[in-house]
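*Asks:* Pasted the sequence and its predicted model underneath.
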Amino acid sequence: MNKKRIAVFGSTGSIGTQALDVIRANPALFEAEILTAQSNDDLLIQQALEFSPNAVVIGDEKKYEKVKAALAATDTKVFAGEAALEEVADFDSYDMMLAGIVGFAGLKPTLRAVEKGKAVGLANKETLVVAGDIVMRKAVENKAPIIPVDSEHSAIFQCLVGENRNPIDKIILTASGGPFLGKKPNFLVNVKRDHALQHPNWAMGAKITIDSATLMNKGLEMIEAKWLFNLEPDQIQVVVHPQSIIHSMVQFADGSIKAQMGLPDMKLPIQYAMAFPQRIENNFPRLDFKKYPVLGFEEPDVKTFRNLALATEALYKAGNVPCVLNAANEIAVWAFLRNRIGFLDMTAIVEKTMQQVTYIKNPTLEEYFESDGEARNFAASLINL
Ligand code: NAD
Ligand code: MG
């Protein structure tokens, strides 16, 4: 069997390094064809020396010479800058893109892979939040399979295997509740970045960890699910499940519910997407039910964690509203991570930006980019950036 050649976009991140762990553990099945990183040149160089990819991209052009020099004795081609991401996404030489870039920056290269008809293992949820209609339409047109990596969506995808077109009643996205489950605004108002960066169940990149603490992550995931599984907004439910053992569920037309379970470990959905439709062996720790005698479920507190309410509003309003929500949130999280604003200010910025930017019902790709820019500028003006 030919090895599957994987293009790991965002190879230095939490998802990217775990994707390389899976490749390293399965050398007969996978090889790394392309690696990309924004600024971590040292890790990118180290990865390139280990995996000998065809090409690497360093986003920060100031680091090009260093990466080029370090890989001079190898066959790896070195590119730099934002446009190079699309250039290498256009290569014929890979089979699957593992889309592990964080944020809006992941949209263009992912779209390029879809336009090439490549399989995409999609971790970058912002791609579908911003322009899900266009991405999914192009995926169908170009027969590009999109296999979710986000654990909730991987769970739903796994529950749907073998169901053909059996009608879905609803999907139930599980949320851990994050580090501030049960807390109220009088507590949250004083939360600082270092506290918010400590997630109880998952070790992830900074942006998604903050999104998990504010519940914006679950809101983004509702929108992601709408596009991946072609659902109406009222078919998407969120339930807080603090143990993160059930990764999500599907309820079918007959009322039966399927759940996918396991210990929280992103390597599993990454491996599942890369090997699909096969399931391959691994040595990841196994779930022992005796250690989890109780699995709990509760309603999310959307009065306290208002980001989830705002994202639900964006889900229903559709058009460019999710794109605006996402852009404002990226700016707000960026500012919070730099101690420029408080925890609850993030919600206020997203809310005000959603009220500000003009509604477009059926945006073109250019209009999505314009809405993103407009929302970023307005959100930044609220923070005096
Ligand atoms: P991360 O911050 O750890 O890594 C991000 C990667 O993207 C890095 O390799 C970085 O170099 C690259 N990058 C950052 N900004 C870039 C830019 N402007 N242009 C090009 N490359 C850029 O993030 P992560 O936690 O790995 O998350 C990646 C994506 O996967 C996010 O969309 C996140 O929501 C999603 N996701 C992550 C997890 C997780 O467990 N980490 C789980 C589910 C979904
Ligand atoms: Mg998730």
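*Replies:* Cool, the structure landed. Numbering: from 1, shown residues only. Ligands and ions are numbered 1, 2, ... in the order given.

*Asks:* For A327, which residues are in contact?
*Replies:* F104, T353, S371, D372, G373, A375, R376, A379 (Cβ atoms under 8 Å, 6 or more residues apart in numbering). From N, CA and C alone the C-beta is placed, and that goes for glycine too.

*Asks:* can you tell me the helix or strand for the residue nearest to Y272 when sequence neighbours are not counted?
*Replies:* Of all residues not flanking Y272 in the chain, S154 sits nearest, at 5.9 Å (Cβ to Cβ, 6 or more residues apart in numbering). Assigned by DSSP states H and E, S154 belongs to helix 151-160.

*Asks:* pLDDT of that helix, averaged?
*Replies:* For helix 151-160, the mean pLDDT works out to 98.

*Asks:* how about the contacts of A327, which pair is most distant?
*Replies:* Maximum pairwise distance in the contacts of A327, criterion Cβ to Cβ, is 14.0 Å, between F104 and T353.

*Asks:* Just the CA atoms of the helix holding S154, as PDB, please.
*Replies:* C-alpha atoms of helix 151-160 as PDB (Å, rounded to 0.1, in the frame of the first residue of the first chain):
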ATOM      1  CA  SER A 151     -13.200  15.900  18.800                       C
ATOM      2  CA  GLU A 152     -16.900  16.600  18.900                       C
ATOM      3  CA  HIS A 153     -17.300  16.500  15.200                       C
ATOM      4  CA  SER A 154     -15.100  13.400  14.900                       C
ATOM      5  CA  ALA A 155     -17.500  11.800  17.400                       C
ATOM      6  CA  ILE A 156     -20.500  12.700  15.300                       C
ATOM      7  CA  PHE A 157     -18.800  11.600  12.100                       C
ATOM      8  CA  GLN A 158     -18.000   8.300  13.700                       C
ATOM      9  CA  CYS A 159     -21.600   7.900  14.900                       C
ATOM     10  CA  LEU A 160     -22.800   8.500  11.400                       C
END
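
*Asks:* Show me what it is packed up against.
*Replies:* Counting contacts by 3 or more Cβ pairs under 8 Å, 6 or more residues apart in numbering; DSSP states H and E, helix 151-160 packs against strand 146-148, strand 168-175, helix 216-229, strand 246-252, strand 257-261, helix 267-275.

*Asks:* Mind putting the ones you listed into a markdown table with mean neighbour count?
*Replies:* Output for these, formatted as a markdown table (neighbours: other Cβ atoms under 10 Å):
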| stretch | mean neighbour count |
| --- | --- |
| strand 146-148 | 24 |
| strand 168-175 | 21 |
| helix 216-229 | 25 |
| strand 246-252 | 22 |
| strand 257-261 | 17 |
| helix 267-275 | 24 |
